[in-house]
Structures are given as structure tokens and as C-alpha cells.
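>>> Based on what follows, work out the 3D shape:
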Amino acid sequence: MLIYCARLSLVPSSPVSSLMAVTAEWLRSKTHEVITENELAVDGERRAKDGSSVEWLAAMLDGEEWRGVRYAHPDRQVEGRQWVTEIGVRRAKAVFACSILLRTHEVSASVDPNVQTTRPKLVEEIVKRCKLAADTCGGAPRTLRLDDAEAFLYEVNNPDRQYPLVQISPTLDGNYLIGPERAASQLAGVAVVAVIPPDVDTYALEETLSLRFSSYRGAVNIIWPKVGVGAAALVPTYRILDHQIAEIRARGGEPEKKLLASLCHRMNEVYARDHITPEMVRSIKHRAALADARQSAANTDPDMESLVRQVDEDQRAEIESLKAKLKARDGEIATLEEKLGESETTVESLKASLAAKTGQVASAPDSALPAEARDALHKAMGKDAGLFDALKTLTLLFPDRIIVLGSAWKSARDADEFKYPRKAYDMLHTLCSDYWEAMANGKSDAEARSCLGQAFSAKESETVERNKNAKKLRTFRYKDNPMEMMMHIKIGNKDSVADTFRAHFEWDGTCRKVVIGHCGKHLDHK
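Numbering: from 1, shown residues only. The predicted structure follows:
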């Protein structure tokens, strides 16, 4: 079973010995046998007392240096399983490539099939101690700001990109559910990690990148390499949402491992095709020996030489043809997986709608409230409460009745000068309680909003509704579609963030929830 595969590029001017020294040290720690970097420069093998084995080969052909190392050892806990780690090296004038592959070998189908995706410690050591070239994926996270958006979008759509892009977004309080530094280190040679700083306006970023290639509220977005050509071209994506990450942690898991497993599942086979195996190095040795024999021969047979060249060309052409077919198959699989993912998302959405209509609420993981939630609930009852705390409290009290869009969270945070957040909280509480109950029970909108009194406005003024910019400010993205929200509740009329408050919302009858798009200052009306 293929578990892990990564490709690293080292600075071409670096000596092969720098990489082989790290490899030899790693092998010594595994086998407790004396293996030096000098030994790895020629063919050899070693069997250790613990049942593990190492074999290594070295070859030179046309000025290029090749190395292949294979370390195998039995599983310490599962009988009948063997773990195999391979390291391949190709060193040319302008190329210093290294590939690391991890797989298991089971003696039969009776062996426990559950294997956790993991990365060999050797990769971490290579990243730390060798000089990686700029085209190596990962290792350190990139920053994705508004100024980087166009270049990032170009990279997303580049048909020559062969690696995934991983976007990591901050939560509303500016933290990360998956640490960018740790993720980038784990994904060295597998994927590029782009982290969105907490101060970046994710809505402005989305305008350039589109919703498909954006991430927000702690979610992680994986953008796979482009597949297909022309009108059939597609850039598949896979999103791990904030609540999914929270559920993994609640079960005692590590989201970083989930991320690594998702990437390896898709990319292992692709990367493994270019992996430098010991068998490949052995084949190169044979070709080098054949070339030497032909050169040293006193007389050469022109017909035989022509035949050898023709066979070599035919084999290379067949290999390239097979690679092209495999790449086309990768594209077909990626397209099908993308459609499957969309179908699964639709199913989950329909399940949620059905649960809402039947009065059922999906159960949350059995875990304590996080510290930020406890603090928000405490502050919401005291004088230090803000609009952000009010929204946080309402989402905790009414998770089945309210949806707060990212634009509302941002506007609430930006309105921290507002003087009367407790009053706003009481109005929003009425929106989630009395108003929601009336709407959910089939009453008319007029009956439902009567509980809000004069604080409620069903629409904006004609000046606003005629103004294109004003309407745009009151239009928010919901379920990948624009939703105009003219209904609002209000406090004050001054042109002042400190004295005036507006909360724009709509009723989603499909899932029976109040959707809040803005919660903060009075939006411009021109």
C-alpha cells in the first residue's frame, strides 16, 4: 500500500554527499548499524538483527549521478506487515532531485488494513539540514494578501502546476485551527501552503480569487492541479471546514494528519510515477555498463548498433505514451471526485434542510465550550460586551436558528466603538426568539416582525433602493449566491459608529433560519 510520496529539489550546486550524510545518519538511527555516507557511494546491503534490511545502489550515466536506497523493517505491532522507505537521488548539472516514498507490504489480505498516513522522519531532517531549491513545495508557509491575489490566481490556473495549493484561513478571533508553520513543514515536497493573515479582508480577497479559490473563518481549502484542457479544463478543490476541524480535535485526533492524509490520497500515485527507485538505478547501471562495453569493443556491428538504438527509442516512446494515458486518467478521476464532492455537499445540505423542517437539530460533538465562547458569554452579560460578543452569544444560544455571515462578523468587529451593544443584543435576541418562532410556525412576516416594534424596517428608502452602490453594500453572499437584505433593525440615526447601529437580515424558509449579513454601523446610502 502506498502511504506517502514527496519530491524535493535541492540547490544544484550542493554536493550529493550533503544529502547522503543525512540519509546515512537516519539509517544508523533505524538499524543501529554502522553505515557511512562513503559506503552509500557504491553498491551495498546490510541486514540488521531486528529483521530490518537496507540496500543501496549508485550509478553514473552521461555525466549524471543516480542513487537509490531502500530500507525495510517489519511492523512492530502488526504481524505480516512490512514497512518500506525508499530514497531516490538524481544529480545533474542543473538538477538535484530527491524523492522519498513510504509504502507497506502485507503478506495477505488478512492483515489489518488500517494504516495511518505518516511522513518519514528523514524528510524533516533533509528539510532542516540541506539547501532546498525554490521550486520545492512547502517547507515554509507563504503569505496570501490582497497584493498577492492576482499572482496566486495565475498559479491556480497554471496548467503546468503539478502540486496542490493549501489555503489556511484565520478564525474570527485571528487564530488558526491548523498551524501554518507545522502544516508547511509536514507538507514539504507535497504541497504549497498559503496562509491568510488575520488582518486581510477575506471578502476583498474573494472578489479577486472567487469563492471557489478562497478560504475564511478557519477553513482550509485544498486547490488541486488543473485537469483537462480547453472548455473541459477544471481546477478541483476540497474544503475542510472549521466545524470539521473542531470535530477531529474533539475526538482526540490531529487535523494536520487529516490534511496530510487528504493530500497523499490524491497525490501519492502522481508523485510515485517520477520516484527514483532502486530498480531504476539498477537499470541505469546496466545501461552504463552496456555503453562502456560498446565503446571498448574492438569492432562494432552497425546493424546491431542501429537495432539497439531503435529498441531504446521504441521503449522510451512507449513509456511516454503510457505516462500520457495515466495523466489523462488522473484528469478523469479528478473530475469524477470533484462531482462526487459536490454531490456529497448537496446531500449534506438537503439533510440539514430536512432536519430543520422536521424540527431536528444535528448533534454537536460532546465537548466543552472553547475558552473564547465562555469569555464571550460572560462578557455579553456585563458592561464590557461588544457587538461581536453579542453575535457569538447568539450563535451559541441559537445554533439551529441563526446564520451569521462573515460580513456580519467583520462589521461587528469594526463597530467596537458602538455605545449600546447590550441594547442591540436584546433586539437580536428577540429576532432569534419571538420573530423566529412566529416565522417557523407559519405566521405572516407582518405578524412576526410586530414583536420588534419600531426598531424594525422592512425595506430601505427609495433613495437607497435606486442607488446601485447602496444596494451593493446591502447585498451579501449566501450559499454561493448574492442575497439582497433590505430588512433591518436599527438604533439611532446619526452618522456615527458610536451612536448608530444597523443589523440587516433575511429569513431562509428552506432551512428555517435567520440569516444576518451585517451587524454594525449604518451603511452608506449613496
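>>> if we look at stretch 22-42, which residues are touching it?
The list of residues contacting stretch 22-42 from outside it, by CB atoms under 8 Å, 6 or more residues apart in numbering, reads 17, 20-21, 46, 48-50, 52, 54, 56, 58, 67, 69, 71, 73, 87, 121-122, 125-126, 129-130. The C-beta positions use only the backbone N, C-alpha and C, and glycine is treated the same way.
>>> pLDDT on it, on average?
The average pLDDT within stretch 22-42 is 90.
>>> Could you check how far residue 429 is from residue 230?
Applying CB to CB, to the nearest Å, one obtains 54 Å for the distance of residue 429 from residue 230.
>>> per-residue confidence for the closest residue in space to residue 397 that isn't next to it in sequence?
If the residues on either side of it in the chain are set aside, residue 397 comes closest to residue 432, at 7.3 Å by CB to CB, 6 or more residues apart in numbering. Note on residue 432: pLDDT of 91.
>>> if we can go back for a sec, in terms of neighbours, single out the busier of residue 429 and residue 230.
Neighbours per residue, other CB atoms under 10 Å: of residue 429 and residue 230, the larger number sits with residue 429, 16 against 5.
>>> So that one, which state does it fall into?
helix (DSSP: H, G, I helix; E, B strand; the rest coil).
>>> Excluding covalently adjacent residues, which one is nearest to it?
residue 394 is the one closest to residue 429 (CB to CB, 6+ apart), at 6.7 Å.
>>> what helices or strands is the helix or strand that contains the one you found leaning on?
Using DSSP states H and E, the element containing residue 394 is helix 387-397. Other helices and strands packing on helix 387-397, by 3 or more CB pairs under 8 Å, 6 or more residues apart in numbering; DSSP states H and E, are helix 371-380, strand 402-404, helix 406-414, helix 421-430, strand 513-520.
>>> what about those, which gets the closest to residue 194?
Residue 194 lies closest to helix 406-414 among those, at 18.5 Å (CB to CB).
>>> quick one on the thing from earlier: what angle do the helix holding residue 394 and helix 406-414 make?
Using axes from the mean of the first three to the mean of the last three CA atoms, to 10 degrees, the direction of helix 387-397 lies 130 degrees away from that of helix 406-414.
>>> Name the residues of helix 387-397 that come out as buried.
Using 16 or more other CB atoms under 10 Å as the test for burial, helix 387-397 gives 387-395.
>>> With respect to residue 112, which of those residues is nearest?
The shortest gap between residue 112 and any of the buried residues of helix 387-397 belongs to residue 395, at 41.5 Å (CB to CB).
>>> Check the gap between the closest one and residue 432 for me.
Distance from residue 395 to residue 432, by CB to CB: 9 Å.
>>> Mutual contacts of the two, please.
Taking CB under 8 Å, 6+ apart as the criterion, residue 395 and residue 432 both touch residue 402.
>>> Now, of the contacts of stretch 22-42, which are buried?
Here, 16+ other CB under 10 Å leaves 20-21, 46, 48, 52, 54, 56, 58, 67, 69, 71, 73, 87, 122, 126, 130 buried among those.
>>> Quick check: the farthest pair among those residues?
Based on CB to CB, the longest span within the buried ones among the contacts of stretch 22-42 runs between 48 and 130 and measures 25.5 Å.
>>> before we move on, back to that, mind checking which of the buried ones among the contacts of stretch 22-42 are in helices?
20-21, 122, 126 (DSSP state H).
>>> Just send those residues back as TSV, with distance to residue 107 too.
What follows is those, written out as TSV (distance: CB to CB, whole Å):
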residue	distance to residue 107
20	32
21	35
122	25
126	31
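>>> closest to residue 420 among those residues?
Among those, and counting by CB to CB, the member closest to residue 420 is residue 126, at 58.3 Å.
>>> for that closest one, what are its contacts?
By CB under 8 Å, 6+ apart, the contact list for residue 126 reads 8, 19, 22, 98, 100.
>>> Please repeat the previous calculation with a cut-off of 10 Å.
By CB atoms under 10 Å, 6 or more residues apart in numbering, the contact set of residue 126 is 6, 8, 10, 18-19, 22-23, 26, 87, 98, 100, 120, 132, 136, 188-189.
>>> do residue 177 as well
168-171, 217-220, 240-246, 248-249, 255.
>>> Which PyMOL command selects the buried ones in those?
To isolate the buried members of those in PyMOL, using 16+ other CB under 10 Å:
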select buried, resi 168+169+170+171+217+218+219+220+240+242+245+246+248+255
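>>> among the contacts of residue 177, which are in helices?
For the contacts of residue 177, the ones inside helices are 242-246, 248-249, 255, with DSSP H as the criterion.
>>> now the residues you listed as CSV including distance to residue 495 and pLDDT?
Below are these laid out as CSV (distance: CB to CB, whole Å; pLDDT from 0 to 100):
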residue, distance to residue 495, pLDDT
242, 35, 83
243, 38, 81
244, 42, 84
245, 41, 87
246, 40, 83
248, 46, 85
249, 44, 82
255, 44, 88
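>>> Using a markdown table, please lay out the residues you listed together with distance to residue 94.
Shown next, in a markdown table, are the ones in helices among the contacts of residue 177 (distance: CB to CB, whole Å):
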| residue | distance to residue 94 |
| --- | --- |
| 242 | 44 |
| 243 | 47 |
| 244 | 43 |
| 245 | 41 |
| 246 | 46 |
| 248 | 42 |
| 249 | 45 |
| 255 | 38 |
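>>> out of the residues you listed, which one sits closest to residue 316?
Using CB to CB, the ones in helices among the contacts of residue 177 come closest to residue 316 at residue 255, 43.5 Å.
>>> how close does the closest one get to residue 96?
Residue 255 is 33 Å from residue 96, where distance means CB to CB.
>>> quick revisit: looking at pLDDT only, which of the buried ones among the contacts of stretch 22-42 scores worst?
residue 48 (84).
>>> which residues sit in contact with that one?
Residue 48 neighbours (CB under 10 Å, 6+ apart): 27, 30-33, 35, 54, 71, 73.
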